[in-house]
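# sharing a sequence plus its predicted fold:
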Amino acid sequence: LDGKAISDSSKVLVSLAARVENQNMGWNANRTSVGNQWGTGPTVAEIVKATLTVPGTGWKAQALVGRGSPVAEISGRPEGSGTAFRLGDKNPSLWFLITR
């Protein structure tokens with residue numbers, strides 16, 4: 001979010017999602033196109049569970065709602081020369097703010 005490499009950054013937005021689509025999308029047989037059959041909202045997305053390790057210390061993480069507001073703090077732990085966060089487990093979200 002600040003235009004710097006992660007090792008130099010103080011603010012990183014992470015987005016994790018799999019199998020994202022609108023409800024009732026009209027996929028073709030090969031599931032390669034919906035043509036103009038985009039379906040309707042709300043969009044459905046599969047939550048991804050992952051461990052993210054960022055370089056350095058002093059980081060904190062927050063799960064965010066769609067408007068960007070934080071809803072939960074996520075604890076980090078030292079991992080080598082970085083900080084590791086388990087994302088998507090206790091506080092499922094598609095967006096995470098990592099700051100220091």
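Looks like it came in fine.

# give the bridge partners for the spatially most central residue of the chain, please.
In the chain, the centroid-proximal residue (CA atoms, centre = their mean) is residue 15; its distance is 2.6 Å. Beta bridges link residue 15 to residue 95 when assigned by DSSP bridges.

# would you confirm that it contacts residue 94?
Yes - Residue 15 is within contact range of residue 94, at 6.0 Å (criterion: CB atoms under 8 Å). All C-beta atoms are positioned from the backbone trio N, CA, C, and that covers glycine.

# still on that earlier bit, tell me how far the residue nearest to the centre of the chain lies from residue 43.
13 Å (CB to CB, to the nearest Å).

# ok so, going back, separation between the residue nearest to the centre of the chain and residue 1?
12 Å.

# need the contact list for the most far-flung residue of the chain relative to its centre.
Distance from the C-alpha centroid of the chain, by CA atoms, centre = their mean, peaks at residue 29 (29.5 Å). Taking CB atoms under 8 Å, 6 or more residues apart in numbering as the criterion, residue 29 is in contact with no other residue.

# tell me the SS of it?
coil (DSSP: H, G, I helix; E, B strand; the rest coil).

# ok, and the closest non-adjacent residue to residue 62?
residue 70 (4.0 Å; CB to CB, 6 or more residues apart in numbering).

# who does that neighbour bridge with?
If you apply DSSP bridges, the partners that residue 70 bridges to are residue 64.

# isn't it right up against residue 98?
No - at 11.6 Å, residue 70 and residue 98 do not qualify as touching, with contact defined as CB under 8 Å.

# thanks again, I'm all set now.
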